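Q: need the 3D shape of this:
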Amino acid sequence: MMQMSFLFVISHCNHSFLIEEASVKMNAGKGLISVVIFILMSLFPAIAFGMASDNAPSTSPGDTITLDINFRQGRYELDYGDNLRRMAEFVSAVDSVYQSYPFLYQIVIHSSASPEGRVHSNYILSKNRGNALRKYLESHLKAAPDTIIVVPHGEDWSGLKDIVTGLDTSWRDDALSILNSASDTLTMKRRLKSLNRGSVWTWLLKYKYPQLRRATNALCLPVREPLRPVPLPAYAPPLQHPFTPLVEHSFPEKPRGLALAVKTNLLSDAVLAPNIEVEWPLDEKWSMAVDWTFPWWLFRGNSYCEELLGGTFQARRYFGHRKTLGYFTGWFAEAYAGLGYYDFQIPSKGAQGEYAHTGIGGGYSLRLGEYFNLEFEIALGFLLTQYRRYTPLENNTILLYRETVWSTWTGPTRAKVSLVWRLGKKCRSNNAR
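A: Numbers count the residues shown, from 1 in each chain. You can find the predicted model right below:
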């Protein structure tokens, strides 16, 4: 609604401008000739403008200078495609007009995002895109606009509907039926993703959604100071902005719901060392986790012993487009610290001790489906241990103490290939792009 009404005002800027000129002339008492001039100027503003100025520039009042740019997936940086050239041409056009008409003007920026990902995150993304363009214009225009308005629209569902309408595919009518009949955006997403077993959503994501990641603006040229609103005629039909969302939303500061990951290290499981790890997010980038390893085995009449109780605490930072990858997915870096107790024995000797270790690491968590990930991790760090050597006697009923040893190690301290079970609505609501 805002953009179309705005453009309508632009098309009537000359009309209002010249009526004011005519009013001044009438007040000067020019009589019947002035009345005739006023009527002609009111009915034919383009002719009136030609009478008022013989040296009008090529871009004149009543014209509209527009700019349309696109963005990378999940980003709001401006250096994409030919955006820089388009923005430079826009700034040059505005500055040239300002040299001839140093009056106030206004720019309205409409920004949007493609519909994959979460509704709240896409609204914030569209707002950041509009603000990025606003900051560019404020810093590059020779005469900054009196007002630059950013109107974020979130997910551009009406734009997607226009795109699908123009397609010639076997599934177009089914997709349009979903877009026209769904009661909310979450329902539309779910039904579009299931259409043709997900092939439609994948195709749109690859070939059409980039057109929806955009920001557009329009410039009113120019109006006399002081700036006064020009009322729309009473007969103007109701107008709608092409980005008008299908359903109005209220956006909370943070999405609600549970997000949790439960893991087990398959490498430890392979050597009979059962373990469990729990990870929870602090925000869209950071998370915390704790793990616990707890084998407690005795074999062959206590001749062999594998006992270990140990835990670690870790802080992790994820990278990449988290708004589209989802929680607990993608590349990450981490720092950790841990401690524990152990007792390892073979028939002729054994060792009991305590240890502490700390380090940094990283890896990648690969999404396997709606609920599971496979996570790869390696870490380097420092380990300190104190252990007591002993010799088992009397059929392993007596442990003969021999010595106490302190030892350190610097190097690889952790290697994990973990199966991850993602729990909670927040995990399943994210969509991998």
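
Q: export stretch 176-187 to PDB, keeping only CA atoms.
A: Extracted as PDB, the C-alpha positions of stretch 176-187 are listed here (Å, rounded to 0.1, in the frame of the first residue of the first chain):
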ATOM      1  CA  LEU A 176      -1.000 -21.600  -6.500                       C
ATOM      2  CA  SER A 177      -3.800 -23.500  -4.700                       C
ATOM      3  CA  ILE A 178      -1.500 -23.800  -1.600                       C
ATOM      4  CA  LEU A 179      -0.500 -20.100  -1.800                       C
ATOM      5  CA  ASN A 180      -4.100 -19.000  -2.100                       C
ATOM      6  CA  SER A 181      -5.700 -21.300   0.400                       C
ATOM      7  CA  ALA A 182      -3.200 -21.700   3.300                       C
ATOM      8  CA  SER A 183      -4.200 -19.900   6.400                       C
ATOM      9  CA  ASP A 184      -0.700 -19.000   7.600                       C
ATOM     10  CA  THR A 185       2.900 -19.100   6.400                       C
ATOM     11  CA  LEU A 186       3.900 -22.200   8.400                       C
ATOM     12  CA  THR A 187       1.100 -24.200   6.700                       C
END
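
Q: where does the stretch 301-433 of the chain have low pLDDT?
A: Counting by pLDDT under 70, the stretch 301-433 of the chain shows low-confidence ranges at 321-325, 425-433.

Q: all helices for it, in order.
A: Taking DSSP state H, counting those that start in this stretch as the test, the helices found in the stretch 301-433 of the chain are 322-325, 425-429.

Q: which is the next helix or strand following the helix of greatest length in the chain?
A: In the chain, assigned by DSSP state H, the helix with the most residues is helix 119-140. Sequence-wise, the next helix or strand downstream of helix 119-140 (DSSP states H and E) is strand 147-155.

Q: tell me which strands and helices that next one is in contact with?
A: Judged by 3 or more C-beta pairs under 8 Å, 6 or more residues apart in numbering; DSSP states H and E, the packing partners of strand 147-155 are strand 106-113, helix 119-140. Any C-beta I mention is one placed from the backbone N, CA and C, and that applies to glycine too.

Q: quick one: the first one to helix 119-140, angle?
A: Just to be clear, that refers to strand 106-113. Angle of strand 106-113 versus helix 119-140, following axes from the mean of the first three to the mean of the last three C-alpha atoms, to 10 degrees, is 140 degrees.

Q: packing partners for strand 106-113?
A: Using 3+ C-beta pairs under 8 Å, 6+ apart: strand 106-113 touches helix 2-11, helix 119-140, strand 147-155, strand 214-220.

Q: lowest-confidence stretch among the ones you listed?
A: Note on the helices and strands packed on strand 106-113: helix 2-11 shows the lowest mean pLDDT, a mean of 31.

Q: show me the domain layout of the protein.
A: The chain is divided into the following domains under automatic domain parsing: 2-164+203-220, 260-429.

Q: using JSON lines, lay out those together with mean neighbour count and distance to R172.
A: Output for the domains of the chain, formatted as JSON lines (neighbours: other C-beta atoms under 10 Å; distance: least, C-beta to C-beta, whole Å):
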{"stretch": "domain 2-164+203-220", "mean neighbour count": "17", "distance to R172": "6"}
{"stretch": "domain 260-429", "mean neighbour count": "16", "distance to R172": "25"}
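
Q: mind putting the ones you listed into a markdown table with distance to S183?
A: Below are the domains of the chain laid out as a markdown table (distance: least, C-beta to C-beta, whole Å):
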| stretch | distance to S183 |
| --- | --- |
| domain 2-164+203-220 | 13 |
| domain 260-429 | 17 |
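
Q: so which of those domains comes closest to S194?
A: Nearest to S194, of all those, is domain 260-429, at 12.4 Å by C-beta to C-beta.

Q: for L423, which non-adjacent residue is closest in space?
A: Residue nearest to L423 in three dimensions, not counting chain neighbours: L260, with 4.4 Å by C-beta to C-beta, 6 or more residues apart in numbering.

Q: tell me the spacing between the one you found and E279.
A: Going from L260 to E279 by C-beta to C-beta, to the nearest Å gives 7 Å.

Q: find residues that contact each of these two.
A: Contact criterion C-beta atoms under 8 Å, 6 or more residues apart in numbering; no residue bridges L260 and E279 by contacting each.

Q: longest strand of the protein?
A: strand 398-423 (DSSP state E).

Q: just checking: what are the partner strands of that strand?
A: Paired neighbours of strand 398-423 in the sheet (DSSP bridges): strand 260-265 (antiparallel), strand 372-393 (antiparallel).

Q: residue ranges with poor pLDDT in the stretch 1-150 of the chain?
A: 1-64, 98-105, 143-147.

Q: try it again with 80
A: 1-65, 94-106, 142-147 (pLDDT under 80).

Q: dump the C-alpha coordinates for stretch 118-129 into PDB.
A: Coordinates of each C-alpha in stretch 118-129 appear next as PDB, following Å, rounded to 0.1, in the frame of the first residue of the first chain:
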ATOM      1  CA  ARG A 118      12.100 -19.000  10.100                       C
ATOM      2  CA  VAL A 119       9.500 -16.300   9.800                       C
ATOM      3  CA  HIS A 120      11.000 -14.200  12.600                       C
ATOM      4  CA  SER A 121      14.600 -14.500  11.300                       C
ATOM      5  CA  ASN A 122      13.500 -13.500   7.800                       C
ATOM      6  CA  TYR A 123      11.800 -10.400   9.100                       C
ATOM      7  CA  ILE A 124      15.000  -9.300  10.800                       C
ATOM      8  CA  LEU A 125      16.900 -10.200   7.700                       C
ATOM      9  CA  SER A 126      14.700  -8.000   5.500                       C
ATOM     10  CA  LYS A 127      15.000  -5.200   8.000                       C
ATOM     11  CA  ASN A 128      18.800  -5.400   8.000                       C
ATOM     12  CA  ARG A 129      18.800  -5.400   4.200                       C
END
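
Q: dump the residue contacts of the residue nearest to N302 when sequence neighbours are not counted.
A: Nearest residue to N302, sequence neighbours excluded (C-beta to C-beta, 6+ apart): N396, at 3.9 Å. N396 makes contact with 301-303, 345 under the criterion C-beta under 8 Å, 6+ apart.

Q: now these as JSON lines including distance to P412?
A: Shown next, in JSON lines, are the contacts of N396 (distance: C-beta to C-beta, whole Å):
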{"residue": "G301", "distance to P412": "35"}
{"residue": "N302", "distance to P412": "32"}
{"residue": "S303", "distance to P412": "30"}
{"residue": "Q345", "distance to P412": "25"}
